[in-house]
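Visitor: I'd like to go over a predicted model; first the sequence, then the structure.
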Amino acid sequence: MVKEALVTQAENFVDRPYSAISDRFYSGNSGGLFMSNGEIWKTQRRFALSTLRTFGLGKSIIEQSIREEVQHLQEEIEKEKGEPFSISGLFNNAVSNIICQLVMRKRFDYNDNNFKILLKYLSEAFTLEGSIWGLLYESFPGVMKHMPGPHNKIFSSFGFLVDFITQEIKRHKKDLDHSSPRDYIDAFLIEMEKHRDSDLGFTETNLALCSLDLFMAGTETTSTTLQWALIYMIKHPEIQKKVQAEIDRVVGQNRQPTMADRPNLPYTDAVIHEIQRMGNIIPLNGLRVAAKDTVLGGYFIPKGTSLMPMLTSVLFDKTEWETPETFNPRHFLDGEGKFVKREALLPFSAGKPHSPHSYT
């Protein structure tokens, strides 16, 4: 039923319902990439996908950026000299820098104070939005917006993040070359001039919101997945040894792996996919709303009804997975040890990307 809603009947459930937090975030504007609907969302989605691909998404250009960032990450880890430390901050730094390359064509040193503050507020906004305070605000916005409490930090953190992106937009405008856009921000600024009289979200305000959406969802989802990868490798040393042996055999220890190595790393590929399945980092996906009266799985869904796809029910479905509650890379391997794709793997979502992590 989840696949039917997200893929087969995607057009009927592509919009987002009203959210009090998002409404205050976007201040009645176009809604960025995550919470916009209708023609604005379709236009911004198409533009984001084509632009990000132009600047390297899914190409060797971004692969090179990732490999360079991995080198920086490795150097930071080596500075710890084998002593215990928290890896989450470094993962956030590394992943965010990849998004920075696409959005603003720059990377930040891990010790850059503004970069540290940016990631701090990014994490804080995410954590509080998913806390009981965020739920209370969604349920009673008329009261909660006048009440003191941690929920107010959600909006102050978001405000800082918007200001950060806005300053970057101003810097881009000073040396914008229409014949040679450098990144997503440049491309958006150029596109704005073509849509002066349209109402499709091509404004500076929405540029800041769309850029921030890419950061917010892309950073947290990828960083969290990497943390789960470490946890499962630590918990399953026998699997870790097999992955290392395959990498040593195919890649060796004198160079970094590339995407060209992937077909020759079936076991490693299977482990990565199993990490995504077991990590289950977006268990409830995001709320959708029926665009019209619809029948879903034999049930009548009236127009305007909100639905929440439960990805957990798919990732741990006993009819889809041999051992759903166990970390088992064999879920993605055939009898000959070759990698096998599984339709039931929905670690983020499915269908048309409405969430920013689908772009990143």
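Guide: It's in.
Visitor: Residues in contact with stretch 56-63: which ones?
Guide: For stretch 56-63, contacts defined as CB atoms under 8 Å, 6 or more residues apart in numbering pick out 53, 55, 65, 98, 101-102, 258-259, 359-360. For the C-beta atoms, the positions are set from N, CA and C on the backbone; glycine is no exception.
Visitor: now swap in stretch 238-246 and tell me
Guide: Counting by CB under 8 Å, 6+ apart, 232-234, 265, 267-268, 271, 327, 329 sit against stretch 238-246.
Visitor: Flag the shaky bits of the stretch 1-150 of the chain, pLDDT-wise.
Guide: The stretch 1-150 of the chain contains residues with pLDDT under 70 at 28-31, 58-59.
Visitor: That one: helices as residue ranges?
Guide: 2-3, 20-26, 38-54, 60-78, 88-104, 113-129, 132-139, 141-144 (DSSP state H, counting those that start in this stretch).
Visitor: most neighbours per residue, which of those helices?
Guide: Highest mean neighbour count of these: helix 88-104, a mean of 22 (counted as mean count of other CB atoms under 10 Å).
Visitor: before we move on, back to that, can you tell me which of the contacts of stretch 238-246 end up in helices?
Guide: If you go by DSSP state H, the contacts of stretch 238-246 have 232-234, 267-268, 271 in helices.
Visitor: Mind picking the two most distant members of those?
Guide: Maximum pairwise distance in the ones in helices among the contacts of stretch 238-246, criterion CB to CB, is 17.9 Å, between Ile234 and Tyr267.
Visitor: Please identify which of these two sits among more neighbours.
Guide: The neighbour count for Ile234 versus Tyr267, taken as other CB atoms under 10 Å, is higher for Tyr267 (20 against 9).
Visitor: I'd like to know how far that one sits from Val251.
Guide: Distance of Tyr267 to Val251, computed by CB to CB, to the nearest Å: 13 Å.
Visitor: Would you mind listing the buried residues in stretch 244-264?
Guide: For stretch 244-264, the neighbour count (16 or more other CB atoms under 10 Å) marks 246-247, 251, 257, 261 as buried.
Visitor: What mean pLDDT does it get?
Guide: Averaged across stretch 244-264, the pLDDT comes to 95.
Visitor: start to end distance for that stretch?
Guide: Its start and end residues considered, stretch 244-264 measures 13 Å (CA to CA, to the nearest Å).
Visitor: ditto for stretch 68-86
Guide: 22 Å.
Visitor: what do you get for stretch 83-92?
Guide: 20 Å.
Visitor: who's in contact with it?
Guide: Residues contacting stretch 83-92 (CB under 8 Å, 6+ apart): 73, 76-77, 110, 119, 122-123, 219-220, 222-223, 226-227, 230.
Visitor: and these, which two are the farthest apart?
Guide: For the contacts of stretch 83-92, the farthest-apart pair by CB to CB is Ile77 and Leu122; their separation is 21.4 Å.
Visitor: what are the ranges of the strands in this protein?
Guide: In the chain, the strands defined using DSSP state E lie at 288-289, 294-296, 299-301, 306-307.
Visitor: May I have the strands that pair with the third one, each with its orientation?
Guide: Right, strand 299-301. Here strand 299-301 is paired, per DSSP bridges, with strand 294-296 (antiparallel).
Visitor: Please work out the average pLDDT along the partner strand.
Guide: On average, strand 294-296 scores 89.
Visitor: Then stretch 204-219?
Guide: On average, stretch 204-219 scores 87.
Visitor: How about Leu118: what's its closest non-neighbour residue?
Guide: Using CB to CB, 6 or more residues apart in numbering and skipping residues adjacent in sequence, the residue nearest Leu118 is Phe164, 5.6 Å away.
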